[in-house]
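>>> Could you work out the structure for the sequence below:
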Amino acid sequence: TISDRNDRFKSEKICKELTTKYGLYFAGGKEKVKEYRLKEPDKTKYEIYQALKAEIARCRDWKNLLVHLKKQDIDVRFK
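Sure thing, here's the model as predicted:
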């Protein structure tokens with residue numbers, strides 16, 4: 001058999017080289033995303049994320065959170 005023990009190190013080296021060569025970088029986080037440039041479904045996901053982020057700080061339980069989200073036309077279904 002052919003060993004694949006060093007594949008991770010080879011891949012890491014190649015990724016670093018490509019990152020440097022093409023001036024690529026990893027995104028800093030959700031806060032730095034240019035939401036106005038997003039298309040569906042990512043646009044809606046970020047809108048929900050922003051609503052949740054704002055409401056979680058104010059709500060103490062699930063019922064209260066669901067009421068506040070419903071006011072923003074966000075329905076929640078538990079599986």
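>>> Only C-alpha atoms from now on, for both contacts and neighbour counts.
Will do.
>>> which residue is nearest the middle of the protein?
residue 30 (5.8 Å; Cα atoms, centre = their mean).
>>> what number of residues lie near residue 74?
14 (other Cα atoms under 10 Å).
>>> So which elements touch the lowest-mean-pLDDT helix or strand in the chain?
One helix or strand of the chain scores below all others by mean pLDDT, DSSP states H and E: helix 7-22, with a mean of 90. Of the remaining helices and strands, none touches helix 7-22 by 3 or more Cα pairs under 8 Å, 6 or more residues apart in numbering; DSSP states H and E.
>>> buried set for the helix or strand just after that helix?
Where DSSP states H and E defines the elements, the next helix or strand beyond helix 7-22 is helix 42-56. The neighbour-count check on helix 42-56 (16 or more other Cα atoms under 10 Å) flags 46, 52, 55 as buried.
>>> repeat for stretch 71-79
For stretch 71-79, using 16+ other Cα under 10 Å, no residue counts as buried.
>>> what does that stretch contact?
Residues from elsewhere that reach stretch 71-79 (Cα atoms under 8 Å, 6 or more residues apart in numbering): 48, 66, 69.
>>> and the end-to-end length of that stretch?
22 Å (Cα to Cα, to the nearest Å).
>>> Report the distance from that stretch to the chain centre.
From the chain centre to the centre of stretch 71-79 is a distance of 19 Å (Cα atoms, centre = their mean, to the nearest Å).
>>> follow-up on the earlier one: now, among the contacts of stretch 71-79, which is nearest to residue 26?
residue 48 (22.9 Å; Cα to Cα).
>>> Can you read off the pLDDT for the closest one?
Turning to residue 48, the model gives it a pLDDT of 94.
>>> ok, for it, nearest residue in space, not its chain neighbours?
Leaving aside its chain neighbours, residue 48 sits nearest to residue 74 (7.6 Å; criterion: Cα to Cα, 6 or more residues apart in numbering).
>>> quick one: the one you found and residue 49, what's the gap?
11 Å.
>>> joint contacts of these two?
Counting by Cα under 8 Å, 6+ apart, residue 74 and residue 49 have no common neighbour.
>>> so where's this structure shaky on pLDDT?
1 (pLDDT under 70).
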